[in-house]
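Peer 1: Sequence plus predicted model, see below.
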Amino acid sequence: MTERRKELTAQGIYDLVGSVPTMLEIGCNDGTDTLKFLEAMPGARIYCFEPDPRAIIRFKKITDGEDRIELAEVAVSDTDGTTTFYGSSGRPPEKLRGPGALHYHHLDEWDLSGSLRKPTGHLTFSPWTTFPEDRRYQVGTIRLDTWKRKHLDVTHIDFIWCDVQGAESLVVQGGPETLKVTDYLYMEYSERPLYEGQAPLEELQFMLPGFDLIAICGSGRVEHNALFKNQRLM
């Protein structure tokens, strides 16, 4: 039976994989969550991926040379090469900027909704989030399997955190061999398409043979997160 959770915290990941996991954070933005993972799992080794140049600048400042983290300045996709990244902009409304608000909501420019997929439904779902032409970037792309073969010196991955704003199917298509040796995969999905070509949850499940959907996390209107467990490794 699939569990319903409000959220999956860093402590919740620790409960699944312990204090010394090998983790991938695909779509790490500025590293805020990365540092939370390290606080909960001090022995972790975290491999991060982020293509947005604005977020990369903040990431390097926030993580400040932390040697348990490696950053690849690319987008994970189904091909190795280059493509257009639709960077987001806009400013969160005041109702999201009050006491206790996430630090992201205080950014002068919102860069957390960028995607390899062209925004469609997102334009009406969150009208304050914009995708101006001057925030479209040519970025490098890499298949997960290519990256693993070239850069990973371990044969097992404990946890993948995937936040790629509608490009989830591209990550899966580019990483079948990597996913075979991954215990847990946590990725966002939407109940209605927010980006062109975005795969629904049912399609993602079909693309992940050997994985069971064990939890749905989040209380948003449309966007949620799915936690998959690799039954072949358990």
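Peer 2: Happy to help now that I have it. Numbering: from 1, shown residues only.
Peer 1: got a list of what residue 26 touches?
Peer 2: The neighbours of residue 26, taking CB atoms under 8 Å, 6 or more residues apart in numbering as the test, are 49, 76, 144, 160, 161, 162, 163, 164, 171. Placement of C-beta: from N, CA and C, glycine included.
Peer 1: switch to 6 Å and redo it
Peer 2: Residue 26 makes contact with 49, 76, 162, according to CB atoms under 6 Å, 6 or more residues apart in numbering.
Peer 1: Now the residue nearest to the spatial centre of the chain. Nearest residue, chain neighbours left out?
Peer 2: Centroid check for the chain by CA atoms, centre = their mean gives residue 163 as the closest residue, at 1.9 Å. In space, not counting the residues next to it along the chain, residue 163 is nearest to residue 27; the distance is 3.9 Å by CB to CB, 6 or more residues apart in numbering.
Peer 1: Got the confidence number for the one you found?
Peer 2: The predicted structure scores residue 27 at 98 on the pLDDT scale.
Peer 1: Same check on the one 5 residues further on?
Peer 2: According to the model's per-residue confidence, residue 32 sits at a pLDDT of 94.
Peer 1: burial count for it?
Peer 2: Residue 32 sits with 15 neighbouring residues when counted by other CB atoms under 10 Å.
Peer 1: quick one, phi/psi of it?
Peer 2: phi -60, psi -50 (degrees, to the nearest 10).
Peer 1: is it true that residue 169 touches residue 199?
Peer 2: Yes - using CB atoms under 6 Å as the test, residue 169 is close enough to residue 199 to be in contact (3.9 Å).
Peer 1: Among these two, which residue is more densely surrounded?
Peer 2: Between residue 169 and residue 199, residue 199 has the larger neighbour count (other CB under 10 Å), namely 22 against 19.
Peer 1: Let me see the contact set for that one.
Peer 2: When contacts are counted by CB under 6 Å, 6+ apart, residue 199 touches residue 169.
Peer 1: go on, residue 160?
Peer 2: Counting by CB under 6 Å, 6+ apart, the residues that residue 160 touches are 24, 182, 185.
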